[in-house]
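Asks: Provided below for reference: sequence and predicted model.
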Amino acid sequence: MEKPLVFFSQLNMSEPKEKTFYKVIHAIGKEASNKDIKNSVSPEEAVKWGESFDKLLSHKDGFNAFTRFLKTEFSEENIEFWAACEDFKKSQEPHQLLHKAQAIYEKFIQNDAPQEVNLDFHTKETIFKSISQPTIHSFDAAQSRVYRLMEQDSYTRFLKSDIYLDLIKGRPPRTTNLRRRSRSFTFNEFPDEKPDLAIWL
């Protein structure tokens, strides 16, 4: 069932702070694609990224390498959504929460969003109902699901990719062929998965 788009008449999207945030979430991940992973990353450091997904994302070069890999599979919306949620949770003022929540919803959540992430109906519906009065936890369930999807699906392929193998062997980055991957993989395959919010604390 299609849900109507949400419009907030009280939002003044012409305000500089909100414009800045829109630019930020549209630019997330671009830094990784516009510059190669530098050879300053030691093979020893790269090997540590294979110990856990959390170690990979907590390292700037690891985050960039993983983003570069997701771009080869046309699934970078997942890491960009995760990063936008991380930024969202740092908001201090209610008006910041409202504007950022709307920006995230329009870019990643609503049906036919430009970078729609793969979420189940219940999670989308919960966000839809709370978006007019968001809290810093409004996207926790969605962020956790996307994290788990990347960890259990994309991360395992990343560890076998040329991008990662070149890093742990100390080779310079090579040109990567882009390939489109099916998005039939859904979160419904993990019905018992519970959000683990401690991983971001």
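Replies: Now that the structure is in, tell me what you want to look at.

Asks: measure Pro43 to Trp49 for me?
Replies: Pro43 sits 11 Å away from Trp49, taking C-beta to C-beta, to the nearest Å as the criterion. (Glycine included, C-beta is placed from N, CA and C.)

Asks: where does the protein dip in pLDDT?
Replies: Within the chain, the ranges that satisfy pLDDT under 70 run 1-39, 175-201.

Asks: all helices of it, in order?
Replies: Taking DSSP state H as the test, the helices found in the chain are 16-27, 30-34, 43-49, 53-58, 60-72, 77-88, 94-104, 121-130, 140-149, 155-158, 162-168.

Asks: show me what the fourth one is packed up against.
Replies: With contacts defined as 3 or more C-beta pairs under 8 Å, 6 or more residues apart in numbering; DSSP states H and E, the secondary structure elements packing on helix 53-58 are helix 43-49, helix 60-72, helix 155-158.

Asks: in that helix, what counts as buried?
Replies: 53, 56-57 (16 or more other C-beta atoms under 10 Å).

Asks: just curious, which of the residues you listed is nearest to His99?
Replies: Nearest to His99 among these, counting by C-beta to C-beta, is Leu57 at 25.4 Å.

Asks: can you tell me how far the closest one is from Glu86?
Replies: Taken as C-beta to C-beta, the span from Leu57 to Glu86 is 9 Å.

Asks: check Phe63 too.
Replies: Distance, Phe63 to Glu86, by C-beta to C-beta: 10 Å.

Asks: higher neighbour count, the two?
Replies: Comparing Phe63 with Glu86 by other C-beta atoms under 10 Å, the one with more neighbours is Phe63, at 19 against 14.

Asks: in contact with that one, which residues?
Replies: Phe63 makes contact with 32, 56-57, 79, 83, according to C-beta atoms under 8 Å, 6 or more residues apart in numbering.

Asks: how does it look with 6 Å?
Replies: Phe63 makes contact with Leu57 under the criterion C-beta atoms under 6 Å, 6 or more residues apart in numbering.

Asks: same question, Gly62
Replies: 49, 56.

Asks: how near is it to Gln143?
Replies: 18 Å.

Asks: looking at Pro43 and Trp49, which one has more neighbours?
Replies: Just comparing Pro43 and Trp49: by other C-beta under 10 Å the higher neighbour count belongs to Trp49, 26 against 12.

Asks: to Ala113, which of the helices of the chain lies closest?
Replies: Short answer: helix 77-88, nearest of these by C-beta to C-beta, at 8.7 Å.

Asks: tell me the buried residues in that closest one?
Replies: Buried, per 16+ other C-beta under 10 Å, within helix 77-88: 77-85, 88.

Asks: nearest to Phe139, of those residues?
Replies: Cys85 (4.7 Å).

Asks: excluding chain neighbours, what is closest to the closest one?
Replies: Spatial nearest neighbour of Cys85, excluding adjacent residues (C-beta to C-beta, 6 or more residues apart in numbering): Gln143 at 4.1 Å.

Asks: many thanks, we can stop here.
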